[in-house]
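**Q** can you look at this prediction? I've put the sequence above it.
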Amino acid sequence: MFGGFVGFNQSQGKDWGINLLNKVASSTIRHLFTHSESVEVEVSCNPSSKLLQGTIDSFGMSGRGLVIRKDFRTEEMSFETDPVSLDFSSVLKGKIALKQPTQAIAKVKLTEADLNRSFGAELVRKRLENLSLPELVKISQGKPVSFADIRLTLLQNNRIKLSATANWGDRSVPVSLSCSIAVAKRRKIKFEEIQFAPEDIPASERKLSQQLTGALGQILNEMVDLDRFDLDGVKLRLNRLETRGKSLLFSGYAQIQHVPNQG
(Lines give C-alpha, C1' and ligand atoms only; values in the text may rest on other atoms or scores of the structure.)
Protein backbone atom coordinates (compact mmCIF):
# COMPACT_ATOMS: atom_id res chain seq x y z
CA MET A 1 0.00 0.00 0.00
CA PHE A 2 2.79 2.39 0.90
CA GLY A 3 5.29 1.23 -1.69
CA GLY A 4 4.61 4.40 -3.63
CA PHE A 5 6.46 6.37 -0.97
CA VAL A 6 9.73 4.65 -1.86
CA GLY A 7 11.86 6.96 -3.98
CA PHE A 8 10.39 10.20 -2.63
CA ASN A 9 13.00 12.92 -2.51
CA GLN A 10 13.93 14.37 0.85
CA SER A 11 11.50 17.29 0.65
CA GLN A 12 8.59 15.04 -0.24
CA GLY A 13 9.61 12.58 2.46
CA LYS A 14 9.18 15.26 5.12
CA ASP A 15 5.58 15.84 4.08
CA TRP A 16 4.10 12.44 3.34
CA GLY A 17 3.72 11.55 7.03
CA ILE A 18 1.89 14.82 7.74
CA ASN A 19 -0.34 14.35 4.70
CA LEU A 20 -1.11 10.78 5.74
CA LEU A 21 -1.94 11.84 9.31
CA ASN A 22 -4.21 14.59 7.97
CA LYS A 23 -6.05 12.05 5.84
CA VAL A 24 -6.42 9.50 8.63
CA ALA A 25 -7.46 12.16 11.17
CA SER A 26 -10.07 13.62 8.79
CA SER A 27 -11.59 10.19 8.23
CA THR A 28 -11.54 9.37 11.95
CA ILE A 29 -13.22 12.63 12.95
CA ARG A 30 -15.90 12.35 10.28
CA HIS A 31 -16.85 8.95 11.68
CA LEU A 32 -17.51 10.55 15.07
CA PHE A 33 -20.51 12.36 13.60
CA THR A 34 -23.73 11.08 12.07
CA HIS A 35 -23.47 13.85 9.49
CA SER A 36 -21.05 16.69 8.76
CA GLU A 37 -21.34 19.54 6.29
CA SER A 38 -17.61 20.24 6.42
CA VAL A 39 -14.60 19.10 8.45
CA GLU A 40 -11.11 20.61 8.18
CA VAL A 41 -8.09 19.18 9.95
CA GLU A 42 -4.68 20.79 10.48
CA VAL A 43 -1.62 19.06 11.92
CA SER A 44 1.22 21.26 13.20
CA CYS A 45 4.60 19.54 13.38
CA ASN A 46 7.89 21.41 13.07
CA PRO A 47 10.19 19.90 12.08
CA SER A 48 7.97 17.37 10.34
CA SER A 49 10.50 14.62 11.02
CA LYS A 50 9.25 14.57 14.66
CA LEU A 51 6.17 12.72 13.43
CA LEU A 52 8.23 9.61 12.74
CA GLN A 53 9.09 9.58 16.46
CA GLY A 54 5.39 9.95 17.24
CA THR A 55 5.29 13.61 18.30
CA ILE A 56 3.34 16.55 16.87
CA ASP A 57 3.03 20.12 18.15
CA SER A 58 -0.76 20.30 17.93
CA PHE A 59 -3.75 18.94 16.13
CA GLY A 60 -6.68 21.14 15.15
CA MET A 61 -10.16 20.60 13.75
CA SER A 62 -12.93 22.92 12.62
CA GLY A 63 -16.29 21.74 11.37
CA ARG A 64 -19.76 22.96 10.42
CA GLY A 65 -23.12 21.25 10.56
CA LEU A 66 -21.89 18.40 12.75
CA VAL A 67 -24.57 15.99 13.98
CA ILE A 68 -23.81 13.86 17.06
CA ARG A 69 -25.81 10.71 17.80
CA LYS A 70 -28.32 11.45 15.03
CA ASP A 71 -30.15 14.23 16.89
CA PHE A 72 -27.67 16.73 18.34
CA ARG A 73 -26.54 19.25 15.74
CA THR A 74 -23.83 21.86 16.20
CA GLU A 75 -23.58 24.80 13.83
CA GLU A 76 -19.82 25.06 14.39
CA MET A 77 -17.23 23.19 16.42
CA SER A 78 -13.48 23.62 16.70
CA PHE A 79 -10.67 22.39 18.88
CA GLU A 80 -6.89 22.52 19.10
CA THR A 81 -4.83 20.12 21.19
CA ASP A 82 -1.74 20.49 23.29
CA PRO A 83 1.32 18.58 21.99
CA VAL A 84 0.36 15.01 21.10
CA SER A 85 2.34 11.80 21.49
CA LEU A 86 1.04 9.09 19.19
CA ASP A 87 1.98 5.70 17.81
CA PHE A 88 2.93 6.43 14.21
CA SER A 89 2.58 2.76 13.27
CA SER A 90 -1.16 3.09 14.01
CA VAL A 91 -1.38 5.90 11.44
CA LEU A 92 0.06 3.55 8.82
CA LYS A 93 -2.86 1.23 9.63
CA GLY A 94 -5.41 4.02 9.19
CA LYS A 95 -5.97 4.65 12.91
CA ILE A 96 -4.80 7.08 15.58
CA ALA A 97 -3.51 5.65 18.86
CA LEU A 98 -2.27 8.01 21.57
CA LYS A 99 0.76 7.08 23.66
CA GLN A 100 -0.48 9.32 26.45
CA PRO A 101 -3.57 11.47 27.17
CA THR A 102 -3.77 15.01 25.87
CA GLN A 103 -6.03 18.03 26.24
CA ALA A 104 -7.72 20.31 23.71
CA ILE A 105 -9.26 23.76 23.83
CA ALA A 106 -12.77 23.55 22.35
CA LYS A 107 -15.41 25.97 21.07
CA VAL A 108 -18.98 25.09 20.09
CA LYS A 109 -21.74 27.15 18.49
CA LEU A 110 -25.37 26.02 18.67
CA THR A 111 -28.22 27.81 16.94
CA GLU A 112 -31.66 28.26 18.46
CA ALA A 113 -32.94 25.76 15.89
CA ASP A 114 -30.26 23.24 16.97
CA LEU A 115 -31.36 23.55 20.59
CA ASN A 116 -35.03 23.07 19.78
CA ARG A 117 -34.24 20.07 17.62
CA SER A 118 -32.41 18.45 20.55
CA PHE A 119 -35.61 18.38 22.62
CA GLY A 120 -36.93 15.80 20.16
CA ALA A 121 -34.00 13.44 20.76
CA GLU A 122 -34.82 10.19 22.54
CA LEU A 123 -32.10 10.82 25.12
CA VAL A 124 -33.84 14.08 26.08
CA ARG A 125 -37.47 12.97 25.66
CA LYS A 126 -37.13 10.10 28.11
CA ARG A 127 -36.25 12.65 30.80
CA LEU A 128 -39.38 14.65 30.06
CA GLU A 129 -41.99 11.89 29.71
CA ASN A 130 -43.98 9.82 32.23
CA LEU A 131 -42.57 11.65 35.22
CA SER A 132 -43.75 10.79 38.73
CA LEU A 133 -41.94 13.39 40.82
CA PRO A 134 -43.82 14.17 44.07
CA GLU A 135 -44.40 17.81 43.10
CA LEU A 136 -45.91 16.70 39.77
CA VAL A 137 -48.18 13.85 40.89
CA LYS A 138 -49.53 16.14 43.59
CA ILE A 139 -50.78 18.39 40.80
CA SER A 140 -51.92 15.55 38.49
CA GLN A 141 -53.62 13.54 41.25
CA GLY A 142 -51.18 10.66 40.97
CA LYS A 143 -50.91 10.42 37.19
CA PRO A 144 -47.50 10.55 35.42
CA VAL A 145 -46.82 13.88 33.72
CA SER A 146 -45.09 14.45 30.38
CA PHE A 147 -43.75 17.71 28.97
CA ALA A 148 -44.04 18.13 25.19
CA ASP A 149 -43.99 20.82 22.49
CA ILE A 150 -40.95 22.46 24.07
CA ARG A 151 -39.86 25.69 22.45
CA LEU A 152 -36.76 27.60 23.54
CA THR A 153 -35.97 31.21 22.61
CA LEU A 154 -32.52 32.71 23.20
CA LEU A 155 -32.44 36.15 24.81
CA GLN A 156 -29.70 38.65 25.60
CA ASN A 157 -27.44 38.45 28.66
CA ASN A 158 -27.45 34.65 28.90
CA ARG A 159 -31.20 34.40 29.34
CA ILE A 160 -33.76 32.18 27.65
CA LYS A 161 -37.50 31.83 27.40
CA LEU A 162 -39.03 28.38 27.32
CA SER A 163 -42.58 27.17 26.69
CA ALA A 164 -44.03 23.67 26.87
CA THR A 165 -47.20 21.70 27.40
CA ALA A 166 -47.70 19.49 30.46
CA ASN A 167 -49.85 16.43 29.72
CA TRP A 168 -51.44 13.83 31.98
CA GLY A 169 -54.52 11.73 31.31
CA ASP A 170 -56.73 13.85 29.07
CA ARG A 171 -55.45 17.11 30.55
CA SER A 172 -53.04 19.56 28.89
CA VAL A 173 -51.71 22.71 30.54
CA PRO A 174 -49.39 25.26 28.85
CA VAL A 175 -46.24 26.24 30.74
CA SER A 176 -44.00 29.25 30.12
CA LEU A 177 -40.91 30.50 31.92
CA SER A 178 -37.87 32.73 31.56
CA CYS A 179 -34.53 32.21 33.27
CA SER A 180 -30.79 32.74 33.08
CA ILE A 181 -28.37 29.97 32.15
CA ALA A 182 -24.88 29.41 33.52
CA VAL A 183 -22.12 26.81 33.75
CA ALA A 184 -21.93 24.80 36.98
CA LYS A 185 -19.10 22.46 38.01
CA ARG A 186 -17.71 22.74 34.45
CA ARG A 187 -20.08 20.03 33.26
CA LYS A 188 -23.64 21.19 33.89
CA ILE A 189 -25.92 23.87 32.49
CA LYS A 190 -27.87 25.45 35.34
CA PHE A 191 -31.21 27.18 34.86
CA GLU A 192 -31.28 30.01 37.40
CA GLU A 193 -33.63 32.85 38.39
CA ILE A 194 -36.57 30.89 36.98
CA GLN A 195 -39.61 33.12 36.57
CA PHE A 196 -43.13 32.19 35.56
CA ALA A 197 -44.20 33.99 32.35
CA PRO A 198 -47.97 34.45 32.76
CA GLU A 199 -48.48 36.65 29.70
CA ASP A 200 -48.55 33.59 27.43
CA ILE A 201 -50.92 31.55 29.61
CA PRO A 202 -54.75 31.78 29.63
CA ALA A 203 -55.98 33.33 32.89
CA SER A 204 -57.91 30.19 33.82
CA GLU A 205 -54.72 28.08 33.66
CA ARG A 206 -52.22 30.40 35.33
CA LYS A 207 -52.36 29.05 38.88
CA LEU A 208 -51.77 25.47 37.77
CA SER A 209 -49.23 26.52 35.15
CA GLN A 210 -47.17 28.40 37.73
CA GLN A 211 -46.94 25.27 39.89
CA LEU A 212 -45.81 23.22 36.89
CA THR A 213 -43.21 25.85 35.99
CA GLY A 214 -41.33 25.29 39.23
CA ALA A 215 -41.30 21.53 38.65
CA LEU A 216 -40.09 21.92 35.07
CA GLY A 217 -37.23 24.12 36.27
CA GLN A 218 -36.05 21.38 38.62
CA ILE A 219 -36.23 18.80 35.83
CA LEU A 220 -34.17 20.97 33.46
CA ASN A 221 -31.49 21.44 36.11
CA GLU A 222 -31.02 17.69 36.41
CA MET A 223 -31.06 17.06 32.67
CA VAL A 224 -28.13 18.90 31.05
CA ASP A 225 -25.02 17.10 32.29
CA LEU A 226 -22.12 16.73 29.85
CA ASP A 227 -21.09 13.42 31.40
CA ARG A 228 -24.13 11.90 29.67
CA PHE A 229 -22.87 13.09 26.28
CA ASP A 230 -19.20 12.16 26.52
CA LEU A 231 -17.64 10.25 23.65
CA ASP A 232 -15.70 7.12 24.50
CA GLY A 233 -12.32 8.26 25.80
CA VAL A 234 -13.18 11.98 25.70
CA LYS A 235 -14.39 14.00 28.69
CA LEU A 236 -15.87 17.44 27.95
CA ARG A 237 -15.69 20.39 30.32
CA LEU A 238 -17.08 23.94 30.03
CA ASN A 239 -15.51 27.23 31.05
CA ARG A 240 -18.19 29.67 29.90
CA LEU A 241 -21.26 30.16 27.77
CA GLU A 242 -22.79 33.17 26.04
CA THR A 243 -26.02 33.91 24.20
CA ARG A 244 -25.32 35.95 21.07
CA GLY A 245 -28.28 36.70 18.84
CA LYS A 246 -29.88 33.39 17.87
CA SER A 247 -26.80 31.39 18.86
CA LEU A 248 -25.46 29.88 22.07
CA LEU A 249 -21.66 29.81 22.32
CA PHE A 250 -19.66 27.48 24.54
CA SER A 251 -15.94 27.47 25.28
CA GLY A 252 -14.14 24.83 27.27
CA TYR A 253 -11.80 21.92 26.90
CA ALA A 254 -11.70 18.20 26.27
CA GLN A 255 -9.60 15.67 28.15
CA ILE A 256 -8.70 12.97 25.61
CA GLN A 257 -7.63 9.57 26.94
CA HIS A 258 -7.84 7.91 23.55
CA VAL A 259 -9.35 8.71 20.17
CA PRO A 260 -12.87 7.23 19.95
CA ASN A 261 -13.78 5.08 16.96
CA GLN A 262 -17.26 6.51 16.60
CA GLY A 263 -19.72 8.85 18.30
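**A** Nice, thanks for sending it over.
**Q** so where is the stretch 1-150 of the chain shaky, pLDDT-wise?
**A** 1-14 (pLDDT under 70).
**Q** and the strands in it, which stretches?
**A** The residue ranges that make up the strands of the stretch 1-150 of the chain, judged by DSSP state E, counting those that start in this stretch, are 38-44, 55-56, 58-68, 72-81, 84-85, 102-111, 146-155.
**Q** mind checking which of these is nearest K190?
**A** K190 lies closest to strand 146-155 among the strands of the stretch 1-150 of the chain, at 15.2 Å (CB to CB). From N, CA and C alone the C-beta is placed, and that goes for glycine too.
**Q** got a markdown table for the strands of the stretch 1-150 of the chain, with distance to S172 too?
**A** What follows is the strands of the stretch 1-150 of the chain, written out as a markdown table (distance: least, CB to CB, whole Å):
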| stretch | distance to S172 |
| --- | --- |
| strand 38-44 | 42 |
| strand 55-56 | 56 |
| strand 58-68 | 31 |
| strand 72-81 | 27 |
| strand 84-85 | 53 |
| strand 102-111 | 28 |
| strand 146-155 | 9 |
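**Q** reformat those strands as JSON lines; add mean neighbour count and distance to F196.
**A** As requested, those are arranged in JSON lines below (neighbours: other CB atoms under 10 Å; distance: least, CB to CB, whole Å):
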{"stretch": "strand 38-44", "mean neighbour count": "16", "distance to F196": "42"}
{"stretch": "strand 55-56", "mean neighbour count": "18", "distance to F196": "53"}
{"stretch": "strand 58-68", "mean neighbour count": "19", "distance to F196": "33"}
{"stretch": "strand 72-81", "mean neighbour count": "19", "distance to F196": "29"}
{"stretch": "strand 84-85", "mean neighbour count": "19", "distance to F196": "50"}
{"stretch": "strand 102-111", "mean neighbour count": "18", "distance to F196": "26"}
{"stretch": "strand 146-155", "mean neighbour count": "16", "distance to F196": "15"}
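**Q** closest one to G233 among the ones you listed?
**A** Using CB to CB as the measure, strand 102-111 is the one of those that comes nearest G233, at 11.1 Å.
**Q** list the residues that contact the closest residue in space to P144 that isn't next to it in sequence.
**A** The spatial neighbour of P144 that comes closest, neighbours along the chain excluded (CB to CB, 6 or more residues apart in numbering), is N130 at 4.3 Å. For N130, the contacting residues are 144-146, taking CB atoms under 8 Å, 6 or more residues apart in numbering as the criterion.
**Q** and the residue nearest to D232 when sequence neighbours are not counted, how close does it get to R159?
**A** In this structure, D232 finds its nearest non-sequential neighbour in P260, 4.2 Å apart by CB to CB, 6+ apart. Between P260 and R159 the distance, using CB to CB, to the nearest Å, works out to 34 Å.
**Q** do L123 as well
**A** Following CB to CB, the distance that separates L123 from R159 is 25 Å.
**Q** in this protein, which helix has the most residues?
**A** helix 10-30 (DSSP state H).
**Q** quick one: the helices in the stretch 101-250 of the chain, in order.
**A** With helices called from DSSP state H, counting those that start in this stretch, the stretch 101-250 of the chain shows them at 112-118, 122-125, 134-140, 206-223.
**Q** now the strands for the stretch 151-263 of the chain?
**A** Ranges of strands within the stretch 151-263 of the chain are 159-168, 171-184, 188-196, 234-244, 247-256, based on DSSP E, counting those that start in this stretch.
**Q** kind regards, and thank you for your time.
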